[in-house]
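A.B. asks: structural data only, the sequence is not supplied:
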Ligand code: B12
């Protein structure tokens with residue numbers, strides 16, 4: 001633990017007790033997992049108010065929890081009109097608010113119905129950025145994005161697919177709960193440059209491992225990136241041990257990998 005740059009990765013944890021509490025509640029298994037979790041700690045808590053200040057964010061979250069689509073859409077459209085970075089919008093507003101929704105649901109402060117409503121409003125809000133997202137020209141690169149079998153959390157995967165489009169890649173997003181044999185068949189058919197998998201709940205790790213075994217056997221040269229909140233509970237070492245598989249937790253790091261692949265593709 002002593003080699004972990006805590007001051008850098010978890011800037012918003014104020015005391016060592018905060019850190020201990022987070023570590024306890026998540027049963028983090030390694031420094032790498034803790035570093036991974038820092039992504040969610042920093043994005044979901046604290047005052048990440050680059051796009052929205054605390055007051056604006058609180059108003060947005062209240063509107064989301066109240067099911068007030070128009071108020072949320074007005075706030076988001078205002079940001080899009082200011083030409084903000086869509087990834088920042090995704091992380092600082094959509095991801096952050098859904099993590100806050102999740103916390104309230106976990107504490108029984110809101111019903112499943114309210115959580116579903118907030119999620120469905122957020123899914124609709126993504127489309128406000130689509131005129132900008134799909135307006136550009138495409139590079140000759142493509143990716144398949146999918147949730148593993150039994151994984152129903154699809155917004156992270158959708159954001160990954162949108163990040164591909166933002167970067168001029170063609171993204172095929174298959175959505176939630178994709179059976180392994182169908183995923184393999186689709187990859188065979190499309191021959192993408194990369195595969196990206198999303199996993200949110202830790203109990204789906206066996207499905208992910210099974211998928212990686214099959215993917216490595218059938219497509220040994222296919223770079224496969226895996227991300228999602230499940231890694232806050234561990235598992236990244238196991239996933240990284242597969243050839244060509246790599247855990248990537250943020251959209252920014254994912255973009256860096258796209259750049260690398262573009263460079264290699266152009267050079268080769
Ligand atoms: C909405 C929601 C649901 C919805 C999902 C609907 C939908 N259309 O997606 C439904 C109702 C289906 C659901 C079900 C369940 N859920 Co739920 N859910 C949520 C909630 C509130 C929001 C999820 C979300 O969209 N987040 C926002 C997205 C944008 O964040 P993200 O997925 O982390 O993605 C970001 C990054 O991780 C990254 N990323 C993600 N994937 C990838 C992939 C790559 C390659 C890369 C580079 C990056 C990347 O990019 C994104 C942007 O930064 C979360 C709370 C939370 N903390 O997220 C709980 C949460 C994920 N759910 C949870 C649970 C427990 C469940 C259930 C087990 C509940 C139950 N008892 O039935 C089931 C499991 C269903 C299943 N088999 O999958 C827990 C998971 C905890 C754990 N131990 O794993 C959470 C954290 C809630 C909590 N606080 O306890 N849920």
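C.D. replies: Structure's in. What do you need? Only a predicted model underlies this, so the values are computations on that prediction, with no experimental measurement involved.
A.B. asks: can you list the residues of this structure near the ligand?
C.D. replies: 90-91, 94-95, 98-99, 101-103, 105-106, 115, 119, 150-157, 159-160, 196, 198, 200-202, 225-230, 233, 248-249, 251, 254 (CB under 6 Å from any ligand atom). C-betas here are computed from N, CA, C, even on glycine.
A.B. asks: any of the residues you listed buried? List them.
C.D. replies: 90-91, 94-95, 98, 101-102, 105, 115, 119, 150-151, 153-157, 159-160, 196, 198, 200-202, 225-230, 233, 248-249, 251, 254 (16 or more other CB atoms under 10 Å).
A.B. asks: which SS class is the residue of the stretch 1-150 of the chain found nearest the ligand?
C.D. replies: Nearest residue of the stretch 1-150 of the chain to the ligand (CB to the nearest ligand atom) works out as residue 102 at 2.3 Å. Three-state assignment for residue 102 (DSSP: H, G, I helix; E, B strand; the rest coil): helix.
A.B. asks: how much space separates the closest residue to residue 86 other than its chain neighbours from residue 53?
C.D. replies: Counting by CB to CB, 6 or more residues apart in numbering, residue 86 lies nearest to residue 129, which is 4.9 Å off, once chain neighbours are set aside. To residue 53, residue 129 is 21 Å away according to CB to CB, to the nearest Å.
A.B. asks: and those two? Which one has more around it.
C.D. replies: residue 129 (20 against 11; other CB atoms under 10 Å).
A.B. asks: how close does the more buried one sit to residue 237?
C.D. replies: Taken as CB to CB, the span from residue 129 to residue 237 is 35 Å.
A.B. asks: quick check: phi and psi on residue 197?
C.D. replies: Taking degrees, to the nearest 10, you get phi -120, psi 140 for the backbone angles of residue 197.
A.B. asks: oh sorry, the question was meant for residue 143
C.D. replies: phi -140, psi 150.
A.B. asks: quick one: residues contacting it.
C.D. replies: Counting by CB atoms under 8 Å, 6 or more residues apart in numbering, residue 143 touches 161, 164, 169, 170, 171, 172, 192, 193, 194, 195, 196.
A.B. asks: tell me which helix or strand of this protein sits lowest on mean pLDDT?
C.D. replies: helix 6-9 (a mean of 26; mean pLDDT, DSSP states H and E).
A.B. asks: helix or strand: which one has residue 254?
C.D. replies: Element membership for residue 254, per DSSP states H and E: helix 251-267.
A.B. asks: what are the contacting residues of that helix?
C.D. replies: 87, 90-91, 139-141, 159-160, 163-164, 167, 169, 193-194, 196, 223, 225, 227, 246, 248.
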